[in-house]
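J.: please find the sequence and the predicted model below.
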Amino acid sequence: MHQFLHPLTRSVTYTRWLHLLMPAAVVSVWLFISMDTPWVPMVLAAMVGLIPGMRLAEGIQAQLLLTPAERGAPDASISVAPSTSWSERWRTALWLEIRLLGAGLAGLATVTLSTTTVDLVRSAFGTAPSGPGFAVGLGTHWWAAVLAPAPVVMLFAVVVSCGEIITAAARWLLGPTPVQRLTALEERTEQLLERNRIARELHDSIGHALTVAVVQAGAARTAQDPDFTGRALAVIEETGRDALEDLERVLRVLRETDAPPGKRPSLTEADRLLDSARGSGAEVDAEVTGPLELVPGPVSREGYRILQESLTNVLRHSGAVPVRVRIRVADSRLELEVSNPLMGSPGAPGSGSGLRGIRERAALLGGRARTGPSDGEWTVHASLPLHGIG
């Protein structure tokens, strides 16, 4: 019993019924003009269905009334787009034909069953039925009142079942094509990748700034030297300003979906990372071989983030220790290595979101990254392909 009554409590049941009855109003106007040509609306519907914009209009209406829960969803079962091929135009034309037939049947059922209920009630009260319902010729009988609810129950069953049928037809004929489904899937994948990239950007940039600030503040408190404290505050200020710029750029991308991501730092700006590490007390031995300005943008930007996370890892876990940085551009690859003495493990290989982010960045570019202890040192080594840059 509950399974039968539950659909009657859902608003979508009645919006679907409204969707079915709407074309009946147009057909009724035409039949009032000409009863001898009932086929004209069917021909006109087929012709109108070939107009590209008609698929868009029908899709919007179907989403609103048939599947309101999916309205605006990127993976909606009914597409909202104009026809882009003759296949979609013919499917729209067929949809309009089915919709007109459904309107005729829904209107007939509504009028006939409703009238039958009224006639049965009138018969029970002594008035012979005379309407277009099924009770015509029944006469007057008291027991007609017992049968009066039956047409109402039948009408509710017709309302629910016809709503399900027309929704299934809409999903079949107005649903996205395989190409549209693939495009939507690709867009969704791009969005997820972009969100993952933004998360890595925030982790690397803000994490680096906070690490430098903590190290500098701790060193200044311990040193109790006004000159050193002044230099430490300057480093904290500069690092914090860079982090704020990165944060503002990321927030701008999040606020404005179609906005360009703006200028992201690249390896040509690696000096500011090295200076920041030196300002935190680390002895940085850096060596750059090859033309960094010729490294493709994506590789250079990801290389910058890998270097940033590597230096942050050193400062966070080992403190002010000697750091060896080697950046080499040759043989169509970018080789980046950061090593420091192993002062207690800065994180086991494969643990931590920072180390995982380094490997993910390298993998996305078709390269590889290795992180872990080697010969008494903690080493991060990334090898990224340059795709033809020699």
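T.: That came through fine.
J.: show me where the stretch 251-390 of the chain has strands.
T.: 283-289, 322-330, 333-341, 368-374, 377-385 (DSSP state E, counting those that start in this stretch).
J.: so Asn340 bridges to which residues?
T.: Trp378 (DSSP bridges).
J.: gap between it and Asp285?
T.: 10 Å (Cβ to Cβ, to the nearest Å). In short, each C-beta sits where N, CA and C put it, glycine included.
J.: which one's more surrounded, the two?
T.: Between Asn340 and Asp285, counting by other Cβ atoms under 10 Å, Asn340 is the more crowded of the two (26 against 12).
J.: confidence score at the more buried one?
T.: Looking at Asn340, its pLDDT stands at 90.
J.: same deal with Gly352?
T.: So, for Gly352, pLDDT stands at 58.
J.: kindly report the same for Met35.
T.: 69.
J.: coming back round to it: quick one: common contacting residues for Asn340 and Asp285?
T.: Here Asn340 and Asp285 share the contacting residues 322-324, scored by Cβ atoms under 8 Å, 6 or more residues apart in numbering.
J.: top of those residues by number of neighbours, please.
T.: Tallying neighbours with other Cβ under 10 Å puts Val323 at the head of the shared contacts of Asn340 and Asp285, with 23 neighbours.
J.: beta partners of that one?
T.: Beta bridges link Val323 to Val284, judged by DSSP bridges.
J.: so it makes contact with Val314?
T.: Yes: at 5.5 Å, Val323 counts as touching Val314 under the criterion of Cβ atoms under 8 Å.
J.: name the residues contacting each of the two.
T.: Residues touching both Val323 and Val314 (Cβ under 8 Å, 6+ apart) are 277, 282, 338, 340.
J.: show me what contacts Ile327?
T.: Ile327 is in contact with 267, 270, 286-290, 292, 303, 307, 334-336, counting by Cβ under 8 Å, 6+ apart.
J.: how about 6 Å then?
T.: By Cβ atoms under 6 Å, 6 or more residues apart in numbering, Ile327 lies in contact with 288, 336.
J.: re the thing from before, of all the strands of the stretch 251-390 of the chain, which one is nearest Val40?
T.: strand 377-385 (65.9 Å; Cβ to Cβ).
J.: which elements pack onto that closest one?
T.: helix 297-317, strand 333-341, strand 368-374 (3 or more Cβ pairs under 6 Å, 6 or more residues apart in numbering; DSSP states H and E).
J.: make TSV out of the ones you listed and add distance to Gly163.
T.: Formatted as TSV, those follow (distance: least, Cβ to Cβ, whole Å):
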stretch	distance to Gly163
helix 297-317	50
strand 333-341	60
strand 368-374	55
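J.: out of these, which comes closest to Thr117?
T.: Closest to Thr117 of the helices and strands packed on strand 377-385, according to Cβ to Cβ: helix 297-317, at 70.3 Å.
J.: can you dump the C-alpha atoms of that closest one in PDB for me?
T.: The C-alpha trace of helix 297-317 is given here as PDB (Å, rounded to 0.1, in the frame of the first residue of the first chain):
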ATOM      1  CA  GLY A 297      56.100  26.600 -19.000                       C
ATOM      2  CA  PRO A 298      54.400  23.600 -17.400                       C
ATOM      3  CA  VAL A 299      57.600  21.800 -16.700                       C
ATOM      4  CA  SER A 300      59.200  25.000 -15.300                       C
ATOM      5  CA  ARG A 301      56.200  25.800 -13.100                       C
ATOM      6  CA  GLU A 302      56.000  22.200 -11.700                       C
ATOM      7  CA  GLY A 303      59.800  22.200 -11.200                       C
ATOM      8  CA  TYR A 304      59.500  25.400  -9.100                       C
ATOM      9  CA  ARG A 305      56.900  23.700  -6.900                       C
ATOM     10  CA  ILE A 306      59.000  20.600  -6.500                       C
ATOM     11  CA  LEU A 307      62.000  22.700  -5.400                       C
ATOM     12  CA  GLN A 308      59.800  24.700  -3.100                       C
ATOM     13  CA  GLU A 309      58.400  21.600  -1.400                       C
ATOM     14  CA  SER A 310      61.800  20.000  -1.100                       C
ATOM     15  CA  LEU A 311      63.300  23.100   0.600                       C
ATOM     16  CA  THR A 312      60.300  23.400   2.900                       C
ATOM     17  CA  ASN A 313      60.700  19.700   3.800                       C
ATOM     18  CA  VAL A 314      64.400  20.400   4.800                       C
ATOM     19  CA  LEU A 315      63.500  23.400   6.900                       C
ATOM     20  CA  ARG A 316      60.600  21.800   8.600                       C
ATOM     21  CA  HIS A 317      62.300  18.500   9.600                       C
END
